[in-house]
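Asks: Take a look and give me a structure for this.
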Amino acid sequence: MSTVESEADASRLAWRSLWSSLAPIGRDPASGGYVRLSWSPADLAARDWFVTQAEARGLAVETDRNGNLWAWWGDPASGGAVVTGSHLDSVPHGGAFDGALGVVSALLAVDALRSRAVTPQRPVGIVVFTEEEGSRFGVACLGSRLLTGAVDPERARALTDATGTTLAQALAAAGLDPASIGPEPDRLARIGSFVELHIEQGRGLAQPVGVASGIWPHGRWRLQFTGEGNHAGTTLMADRRDPMLTAAFAVLAANKEARLLGGHATVGRLSVHPNATNAVPETVTAWLDARAAEQSTLDTLVANVRRRVAERAERDGTTVEVAVESVSPAVAFDAALRDRLVATLGPDTPVLGTAAGHDAGVLATAGVPAAMLFVRNPTGVSHSPAEHVTDDDCVAGVAALARVLEDLAC
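Replies: A predicted model of the protein is given here:
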(Lines give C-alpha, C1' and ligand atoms only; values in the text may rest on other atoms or scores of the structure.)
Protein backbone atom coordinates (compact mmCIF):
# COMPACT_ATOMS: atom_id res chain seq x y z
CA MET A 1 0.00 0.00 0.00
CA SER A 2 1.34 3.45 -0.97
CA THR A 3 1.78 6.29 1.51
CA VAL A 4 -1.09 8.17 -0.13
CA GLU A 5 -3.41 5.16 0.19
CA SER A 6 -2.37 4.66 3.79
CA GLU A 7 -3.09 8.30 4.65
CA ALA A 8 -6.46 8.10 2.91
CA ASP A 9 -7.40 5.00 4.88
CA ALA A 10 -6.32 6.70 8.12
CA SER A 11 -8.46 9.73 7.30
CA ARG A 12 -11.51 7.57 6.61
CA LEU A 13 -10.98 5.65 9.86
CA ALA A 14 -10.63 8.89 11.84
CA TRP A 15 -13.81 10.23 10.26
CA ARG A 16 -15.79 7.06 10.85
CA SER A 17 -14.60 6.76 14.46
CA LEU A 18 -15.54 10.29 15.48
CA TRP A 19 -18.77 10.28 13.48
CA SER A 20 -19.84 6.98 15.05
CA SER A 21 -19.37 8.40 18.53
CA LEU A 22 -21.97 11.12 17.83
CA ALA A 23 -24.33 9.24 15.51
CA PRO A 24 -26.41 7.38 18.15
CA ILE A 25 -27.31 10.54 20.10
CA GLY A 26 -30.89 11.56 19.40
CA ARG A 27 -31.48 8.98 16.68
CA ASP A 28 -35.02 7.64 16.56
CA PRO A 29 -34.87 3.90 15.75
CA ALA A 30 -38.36 3.93 14.26
CA SER A 31 -37.81 6.66 11.65
CA GLY A 32 -34.03 6.50 11.40
CA GLY A 33 -34.04 10.28 11.76
CA TYR A 34 -32.83 12.56 14.53
CA VAL A 35 -34.78 14.36 17.22
CA ARG A 36 -32.38 16.77 18.89
CA LEU A 37 -34.57 19.71 19.86
CA SER A 38 -32.59 22.42 21.60
CA TRP A 39 -32.16 21.93 25.36
CA SER A 40 -33.84 18.50 25.21
CA PRO A 41 -32.05 15.51 26.78
CA ALA A 42 -30.75 14.49 23.34
CA ASP A 43 -29.44 17.97 22.63
CA LEU A 44 -27.79 18.18 26.04
CA ALA A 45 -26.14 14.81 25.38
CA ALA A 46 -24.84 16.07 22.04
CA ARG A 47 -23.49 19.19 23.74
CA ASP A 48 -21.75 17.02 26.33
CA TRP A 49 -20.26 14.97 23.50
CA PHE A 50 -18.80 18.12 21.97
CA VAL A 51 -17.35 19.34 25.26
CA THR A 52 -15.75 15.95 25.85
CA GLN A 53 -14.24 15.84 22.36
CA ALA A 54 -12.97 19.41 22.54
CA GLU A 55 -11.41 19.00 25.97
CA ALA A 56 -9.77 15.74 24.88
CA ARG A 57 -7.98 17.86 22.25
CA GLY A 58 -6.85 20.38 24.84
CA LEU A 59 -9.25 23.06 23.61
CA ALA A 60 -10.60 25.56 26.13
CA VAL A 61 -14.42 25.29 26.17
CA GLU A 62 -16.85 28.00 27.21
CA THR A 63 -20.61 28.59 27.00
CA ASP A 64 -21.61 32.11 26.07
CA ARG A 65 -24.56 33.96 27.60
CA ASN A 66 -26.88 32.67 24.84
CA GLY A 67 -25.98 29.00 25.25
CA ASN A 68 -23.65 28.74 22.25
CA LEU A 69 -20.59 26.54 22.84
CA TRP A 70 -17.08 27.72 21.93
CA ALA A 71 -13.87 25.66 21.91
CA TRP A 72 -10.58 27.54 21.50
CA TRP A 73 -7.13 26.66 20.22
CA GLY A 74 -5.24 29.75 21.33
CA ASP A 75 -6.40 32.83 23.21
CA PRO A 76 -9.53 34.39 21.67
CA ALA A 77 -8.79 37.67 23.45
CA SER A 78 -5.88 38.24 21.07
CA GLY A 79 -8.40 38.96 18.30
CA GLY A 80 -8.57 38.12 14.62
CA ALA A 81 -9.86 34.64 15.43
CA VAL A 82 -10.58 32.15 12.69
CA VAL A 83 -13.81 30.39 13.68
CA THR A 84 -15.59 27.42 12.20
CA GLY A 85 -18.43 25.18 13.36
CA SER A 86 -22.17 24.76 12.89
CA HIS A 87 -24.97 23.26 15.03
CA LEU A 88 -26.06 19.96 16.60
CA ASP A 89 -29.83 20.46 16.96
CA SER A 90 -32.13 18.96 14.33
CA VAL A 91 -35.52 19.28 12.76
CA PRO A 92 -37.88 16.56 14.01
CA HIS A 93 -36.76 13.28 12.44
CA GLY A 94 -34.18 15.07 10.32
CA GLY A 95 -31.03 13.76 8.73
CA ALA A 96 -27.75 12.96 10.42
CA PHE A 97 -25.52 15.44 8.57
CA ASP A 98 -27.33 18.79 8.75
CA GLY A 99 -25.22 20.83 11.16
CA ALA A 100 -23.43 17.89 12.74
CA LEU A 101 -21.23 17.46 9.66
CA GLY A 102 -19.74 20.90 10.24
CA VAL A 103 -19.04 20.26 13.92
CA VAL A 104 -17.38 16.87 13.42
CA SER A 105 -15.40 18.19 10.45
CA ALA A 106 -14.16 21.14 12.53
CA LEU A 107 -12.76 18.85 15.23
CA LEU A 108 -11.09 16.64 12.63
CA ALA A 109 -9.68 19.67 10.80
CA VAL A 110 -7.95 20.71 14.03
CA ASP A 111 -6.60 17.16 14.33
CA ALA A 112 -5.29 17.36 10.76
CA LEU A 113 -3.51 20.64 11.39
CA ARG A 114 -1.90 19.33 14.54
CA SER A 115 -0.78 16.15 12.80
CA ARG A 116 1.15 18.38 10.38
CA ALA A 117 2.63 20.38 13.29
CA VAL A 118 0.84 23.54 12.12
CA THR A 119 1.11 26.41 14.61
CA PRO A 120 -1.66 28.99 14.06
CA GLN A 121 -0.69 32.64 14.37
CA ARG A 122 -4.31 33.51 15.15
CA PRO A 123 -6.67 31.81 17.59
CA VAL A 124 -8.82 29.08 16.05
CA GLY A 125 -12.31 28.51 17.41
CA ILE A 126 -15.05 25.94 16.95
CA VAL A 127 -18.59 27.06 17.73
CA VAL A 128 -21.78 25.06 18.20
CA PHE A 129 -24.75 27.38 17.80
CA THR A 130 -27.95 26.58 19.65
CA GLU A 131 -31.50 26.36 18.16
CA GLU A 132 -30.30 26.78 14.58
CA GLU A 133 -33.28 24.92 13.17
CA GLY A 134 -35.85 26.78 15.26
CA SER A 135 -37.68 23.48 15.67
CA ARG A 136 -38.44 23.95 19.36
CA PHE A 137 -38.95 27.69 19.83
CA GLY A 138 -39.85 28.76 16.31
CA VAL A 139 -37.02 31.17 15.48
CA ALA A 140 -34.31 29.77 13.23
CA CYS A 141 -30.66 30.54 14.07
CA LEU A 142 -31.77 31.77 17.49
CA GLY A 143 -28.35 31.38 19.13
CA SER A 144 -26.55 33.40 16.47
CA ARG A 145 -29.39 35.93 16.24
CA LEU A 146 -29.17 36.58 19.97
CA LEU A 147 -25.39 36.81 19.76
CA THR A 148 -25.56 39.44 17.01
CA GLY A 149 -28.52 41.37 18.42
CA ALA A 150 -30.86 40.37 15.60
CA VAL A 151 -33.50 39.14 18.09
CA ASP A 152 -34.77 41.10 21.07
CA PRO A 153 -33.85 39.21 24.28
CA GLU A 154 -37.20 39.94 25.92
CA ARG A 155 -39.05 38.50 22.95
CA ALA A 156 -36.71 35.48 22.94
CA ARG A 157 -37.26 34.70 26.64
CA ALA A 158 -41.02 34.57 26.02
CA LEU A 159 -40.83 32.15 23.08
CA THR A 160 -42.66 28.90 23.83
CA ASP A 161 -42.44 25.34 22.56
CA ALA A 162 -45.33 23.02 21.78
CA THR A 163 -45.79 22.18 25.47
CA GLY A 164 -45.87 25.80 26.62
CA THR A 165 -42.34 25.78 28.04
CA THR A 166 -40.66 29.14 27.51
CA LEU A 167 -37.09 29.59 26.33
CA ALA A 168 -36.38 31.23 29.67
CA GLN A 169 -37.55 28.12 31.50
CA ALA A 170 -35.54 25.80 29.23
CA LEU A 171 -32.38 27.85 29.74
CA ALA A 172 -32.86 27.94 33.51
CA ALA A 173 -33.39 24.17 33.58
CA ALA A 174 -30.07 23.78 31.74
CA GLY A 175 -28.30 25.91 34.33
CA LEU A 176 -28.09 29.13 32.31
CA ASP A 177 -29.31 32.59 33.31
CA PRO A 178 -32.12 33.64 30.95
CA ALA A 179 -31.81 37.24 32.14
CA SER A 180 -28.33 37.48 30.63
CA ILE A 181 -29.15 36.52 27.02
CA GLY A 182 -28.52 39.12 24.35
CA PRO A 183 -25.92 40.61 22.02
CA GLU A 184 -22.21 40.16 22.66
CA PRO A 185 -20.41 42.75 20.52
CA ASP A 186 -17.07 42.12 22.21
CA ARG A 187 -17.21 38.43 21.31
CA LEU A 188 -18.13 39.23 17.71
CA ALA A 189 -15.29 41.74 17.49
CA ARG A 190 -12.79 38.97 18.23
CA ILE A 191 -13.79 37.06 15.10
CA GLY A 192 -11.63 37.83 12.09
CA SER A 193 -13.38 35.30 9.84
CA PHE A 194 -16.04 32.60 10.13
CA VAL A 195 -16.22 29.59 7.81
CA GLU A 196 -19.11 27.14 8.21
CA LEU A 197 -18.93 23.73 6.56
CA HIS A 198 -22.33 22.24 5.79
CA ILE A 199 -23.93 19.53 3.73
CA GLU A 200 -25.31 20.98 0.52
CA GLN A 201 -29.09 20.82 0.75
CA GLY A 202 -29.65 20.29 -2.94
CA ARG A 203 -27.99 18.67 -5.95
CA GLY A 204 -25.88 21.60 -7.12
CA LEU A 205 -22.47 19.99 -6.53
CA ALA A 206 -20.93 17.59 -9.01
CA GLN A 207 -17.69 17.34 -7.02
CA PRO A 208 -17.07 16.79 -3.32
CA VAL A 209 -16.64 20.37 -2.07
CA GLY A 210 -17.89 23.79 -3.16
CA VAL A 211 -17.97 27.36 -1.85
CA ALA A 212 -21.15 29.32 -1.13
CA SER A 213 -21.87 32.63 -2.84
CA GLY A 214 -24.92 33.66 -0.83
CA ILE A 215 -28.28 32.79 0.71
CA TRP A 216 -31.77 33.58 -0.56
CA PRO A 217 -33.94 35.87 1.56
CA HIS A 218 -36.39 33.78 3.55
CA GLY A 219 -38.68 33.80 6.53
CA ARG A 220 -41.35 32.14 8.66
CA TRP A 221 -44.86 33.38 9.28
CA ARG A 222 -47.43 32.04 11.75
CA LEU A 223 -51.02 32.03 10.48
CA GLN A 224 -53.71 31.80 13.16
CA PHE A 225 -57.15 30.83 11.81
CA THR A 226 -60.14 31.15 14.14
CA GLY A 227 -63.67 29.94 13.58
CA GLU A 228 -66.38 28.27 15.63
CA GLY A 229 -65.86 24.87 17.20
CA ASN A 230 -68.88 22.63 16.76
CA HIS A 231 -70.17 19.08 16.32
CA ALA A 232 -69.14 17.32 13.10
CA GLY A 233 -72.41 15.45 12.85
CA THR A 234 -75.05 17.98 13.81
CA THR A 235 -73.67 21.21 12.38
CA LEU A 236 -75.10 21.92 8.93
CA MET A 237 -72.51 22.56 6.26
CA ALA A 238 -74.07 25.95 5.52
CA ASP A 239 -73.82 26.95 9.18
CA ARG A 240 -70.15 26.16 9.67
CA ARG A 241 -67.33 28.61 10.35
CA ASP A 242 -64.56 26.11 9.79
CA PRO A 243 -60.99 27.47 10.09
CA MET A 244 -59.62 24.27 8.57
CA LEU A 245 -61.12 25.26 5.24
CA THR A 246 -59.32 28.60 5.38
CA ALA A 247 -56.10 26.91 6.40
CA ALA A 248 -56.39 24.40 3.54
CA PHE A 249 -56.93 27.26 1.11
CA ALA A 250 -53.84 29.00 2.51
CA VAL A 251 -51.68 25.96 1.79
CA LEU A 252 -52.89 25.83 -1.81
CA ALA A 253 -52.58 29.60 -2.24
CA ALA A 254 -48.98 29.56 -1.00
CA ASN A 255 -48.13 26.75 -3.38
CA LYS A 256 -49.70 28.55 -6.34
CA GLU A 257 -48.06 31.91 -5.61
CA ALA A 258 -44.64 30.31 -5.19
CA ARG A 259 -44.94 28.50 -8.51
CA LEU A 260 -46.13 31.62 -10.32
CA LEU A 261 -43.34 33.78 -8.93
CA GLY A 262 -40.49 31.25 -8.98
CA GLY A 263 -40.12 31.17 -5.19
CA HIS A 264 -40.54 28.45 -2.61
CA ALA A 265 -43.41 28.16 -0.11
CA THR A 266 -44.06 25.37 2.36
CA VAL A 267 -46.58 24.70 5.09
CA GLY A 268 -45.10 21.75 6.97
CA ARG A 269 -46.63 22.23 10.39
CA LEU A 270 -50.18 22.55 11.71
CA SER A 271 -51.72 22.79 15.17
CA VAL A 272 -55.44 22.14 15.51
CA HIS A 273 -57.73 22.74 18.49
CA PRO A 274 -59.49 20.74 19.79
CA ASN A 275 -57.95 18.26 17.33
CA ALA A 276 -60.83 15.80 17.45
CA THR A 277 -62.04 13.66 14.54
CA ASN A 278 -65.71 14.43 15.20
CA ALA A 279 -65.39 18.15 15.87
CA VAL A 280 -65.25 21.19 13.62
CA PRO A 281 -62.04 22.93 14.77
CA GLU A 282 -62.13 26.14 16.73
CA THR A 283 -58.61 27.21 15.76
CA VAL A 284 -55.96 26.10 13.31
CA THR A 285 -52.41 27.43 13.37
CA ALA A 286 -50.19 26.98 10.33
CA TRP A 287 -46.57 27.95 9.78
CA LEU A 288 -45.53 29.26 6.36
CA ASP A 289 -41.90 29.01 5.23
CA ALA A 290 -41.30 31.21 2.19
CA ARG A 291 -38.10 31.87 0.19
CA ALA A 292 -37.11 33.52 -3.08
CA ALA A 293 -34.00 34.54 -4.96
CA GLU A 294 -34.92 38.24 -4.65
CA GLN A 295 -36.36 40.16 -1.72
CA SER A 296 -38.98 41.80 -3.95
CA THR A 297 -40.19 38.38 -5.07
CA LEU A 298 -40.44 37.16 -1.48
CA ASP A 299 -42.34 40.29 -0.43
CA THR A 300 -44.79 39.86 -3.31
CA LEU A 301 -45.27 36.16 -2.57
CA VAL A 302 -46.12 36.73 1.08
CA ALA A 303 -48.31 39.77 0.34
CA ASN A 304 -50.29 37.81 -2.24
CA VAL A 305 -50.83 34.92 0.19
CA ARG A 306 -51.98 37.32 2.91
CA ARG A 307 -54.45 39.00 0.55
CA ARG A 308 -55.91 35.81 -0.86
CA VAL A 309 -56.24 34.17 2.56
CA ALA A 310 -57.94 37.26 4.04
CA GLU A 311 -60.48 37.17 1.21
CA ARG A 312 -61.09 33.47 1.77
CA ALA A 313 -61.50 33.94 5.54
CA GLU A 314 -64.26 36.46 4.91
CA ARG A 315 -66.12 33.95 2.77
CA ASP A 316 -65.60 31.17 5.34
CA GLY A 317 -66.78 33.29 8.25
CA THR A 318 -63.41 32.91 9.95
CA THR A 319 -60.60 35.25 10.90
CA VAL A 320 -56.88 35.08 10.20
CA GLU A 321 -53.96 36.75 11.94
CA VAL A 322 -50.48 36.64 10.43
CA ALA A 323 -47.41 37.09 12.64
CA VAL A 324 -43.78 37.21 11.55
CA GLU A 325 -41.61 34.70 13.43
CA SER A 326 -38.32 35.36 11.65
CA VAL A 327 -37.16 37.03 8.45
CA SER A 328 -33.68 36.83 7.00
CA PRO A 329 -32.58 39.18 4.20
CA ALA A 330 -30.52 38.07 1.23
CA VAL A 331 -26.91 37.34 2.15
CA ALA A 332 -23.93 37.79 -0.15
CA PHE A 333 -20.95 36.26 1.61
CA ASP A 334 -17.80 38.33 1.97
CA ALA A 335 -16.38 38.48 -1.55
CA ALA A 336 -12.73 38.66 -0.52
CA LEU A 337 -13.10 35.71 1.85
CA ARG A 338 -15.06 33.71 -0.72
CA ASP A 339 -12.39 34.32 -3.35
CA ARG A 340 -9.66 33.40 -0.88
CA LEU A 341 -11.36 30.07 -0.21
CA VAL A 342 -11.54 29.38 -3.95
CA ALA A 343 -7.88 30.30 -4.36
CA THR A 344 -6.94 27.99 -1.50
CA LEU A 345 -8.95 25.04 -2.78
CA GLY A 346 -8.24 25.53 -6.47
CA PRO A 347 -9.72 27.56 -9.36
CA ASP A 348 -12.03 24.72 -10.38
CA THR A 349 -13.86 24.86 -7.04
CA PRO A 350 -17.54 25.52 -7.82
CA VAL A 351 -19.29 28.53 -6.29
CA LEU A 352 -23.03 28.22 -5.72
CA GLY A 353 -25.87 29.86 -3.85
CA THR A 354 -28.43 28.28 -1.56
CA ALA A 355 -32.01 28.80 -0.44
CA ALA A 356 -31.27 27.30 3.00
CA GLY A 357 -30.59 29.53 5.99
CA HIS A 358 -27.45 29.18 8.14
CA ASP A 359 -25.77 30.77 11.14
CA ALA A 360 -23.03 31.95 8.74
CA GLY A 361 -25.65 34.12 7.08
CA VAL A 362 -26.63 35.70 10.40
CA LEU A 363 -23.00 36.51 11.20
CA ALA A 364 -22.46 37.90 7.71
CA THR A 365 -25.47 40.18 8.10
CA ALA A 366 -23.96 41.43 11.37
CA GLY A 367 -20.75 42.40 9.58
CA VAL A 368 -18.56 39.40 10.36
CA PRO A 369 -16.51 38.26 7.33
CA ALA A 370 -18.19 34.91 6.72
CA ALA A 371 -18.11 32.15 4.14
CA MET A 372 -19.34 28.60 3.70
CA LEU A 373 -18.07 25.33 2.35
CA PHE A 374 -20.61 22.85 1.00
CA VAL A 375 -20.05 19.09 0.88
CA ARG A 376 -21.76 17.13 -1.88
CA ASN A 377 -25.16 15.59 -1.20
CA PRO A 378 -25.66 12.88 -3.85
CA THR A 379 -29.44 12.69 -3.51
CA GLY A 380 -30.13 16.34 -2.71
CA VAL A 381 -32.42 15.22 0.12
CA SER A 382 -32.15 17.07 3.44
CA HIS A 383 -34.21 17.44 6.62
CA SER A 384 -34.99 13.76 6.18
CA PRO A 385 -33.47 10.44 7.29
CA ALA A 386 -32.55 9.92 3.62
CA GLU A 387 -29.96 12.72 3.85
CA HIS A 388 -26.57 11.27 2.95
CA VAL A 389 -22.89 12.05 2.40
CA THR A 390 -20.29 9.43 1.45
CA ASP A 391 -17.33 8.83 3.73
CA ASP A 392 -14.96 9.87 0.95
CA ASP A 393 -16.74 13.20 0.51
CA CYS A 394 -16.77 13.75 4.27
CA VAL A 395 -13.00 13.21 4.31
CA ALA A 396 -12.64 15.62 1.37
CA GLY A 397 -14.63 18.18 3.33
CA VAL A 398 -12.36 17.83 6.36
CA ALA A 399 -9.27 18.23 4.17
CA ALA A 400 -10.73 21.33 2.50
CA LEU A 401 -11.65 22.89 5.84
CA ALA A 402 -8.20 22.17 7.24
CA ARG A 403 -6.57 23.87 4.26
CA VAL A 404 -8.82 26.90 4.65
CA LEU A 405 -8.19 27.19 8.38
CA GLU A 406 -4.44 26.89 7.85
CA ASP A 407 -4.49 29.59 5.19
CA LEU A 408 -6.53 31.97 7.35
CA ALA A 409 -4.86 31.33 10.70
CA CYS A 410 -1.19 31.05 9.74
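
Asks: what about the residue lying closest to residue 28 once chain neighbours are set aside, neighbour count?
Replies: Sequence neighbours aside, residue 35 is the residue nearest to residue 28 in space, at 5.4 Å (criterion: CB to CB, 6 or more residues apart in numbering). Yep, even glycine has a C-beta here, placed from its N, CA and C like the rest. Per other CB atoms under 10 Å, the neighbour tally for residue 35 reads 18.

Asks: ditto for residue 329
Replies: Residues lying near residue 329 (other CB under 10 Å) number 13.

Asks: Is residue 354 bridged to anything, and to what?
Replies: As for beta bridges, residue 354 partners with residue 215 under DSSP bridges.

Asks: what's the distance between it and residue 88?
Replies: Distance, residue 354 to residue 88, using CB to CB, to the nearest Å: 20 Å.

Asks: more neighbours, these two?
Replies: residue 88 (29 against 21).

Asks: need the contact list for the closest residue in space to residue 134 that isn't next to it in sequence.
Replies: Among residues not flanking residue 134 along the chain, residue 140 sits closest, at 3.7 Å (CB to CB, 6+ apart). Counting by CB atoms under 8 Å, 6 or more residues apart in numbering, residue 140 touches 131, 132, 133, 134, 220, 326, 328, 357.

Asks: Mind putting these into TSV with secondary structure and neighbour count?
Replies: Shown next, in TSV, are the contacts of residue 140 (DSSP: H, G, I helix; E, B strand; the rest coil; neighbours: other CB atoms under 10 Å):
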residue	secondary structure	neighbour count
131	coil	30
132	coil	27
133	coil	22
134	coil	22
220	strand	21
326	strand	19
328	strand	21
357	coil	24
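
Asks: List just the nearest of the residues you listed to residue 57.
Replies: Closest to residue 57 out of the contacts of residue 140 is residue 132 (23.0 Å), distances taken as CB to CB.

Asks: Okay, and the beta partners of the nearest residue to that closest one once chain neighbours are set aside?
Replies: Spatial nearest neighbour of residue 132, chain neighbours left out: residue 87 (3.6 Å); criterion: CB to CB, 6+ apart. Residue 87 has the following beta-bridge partners by DSSP bridges: residue 129.

Asks: now residue 373
Replies: Bridge pairing for residue 373 - DSSP bridges - gives residue 197, residue 211.

Asks: Compute the distance between it and residue 398, please.
Replies: Residue 373 sits 10 Å away from residue 398, taking CB to CB as the criterion.

Asks: How about residue 289?
Replies: Taking CB to CB, one finds residue 289 at 31 Å from residue 398.

Asks: one step back: and of the contacts of residue 140, the nearest to residue 190?
Replies: Distances from residue 190 to those, taken as CB to CB, are shortest for residue 132 (20.9 Å).

Asks: Now do that closest one against residue 347, distance only.
Replies: Distance from residue 132 to residue 347, counting by CB to CB: 32 Å.
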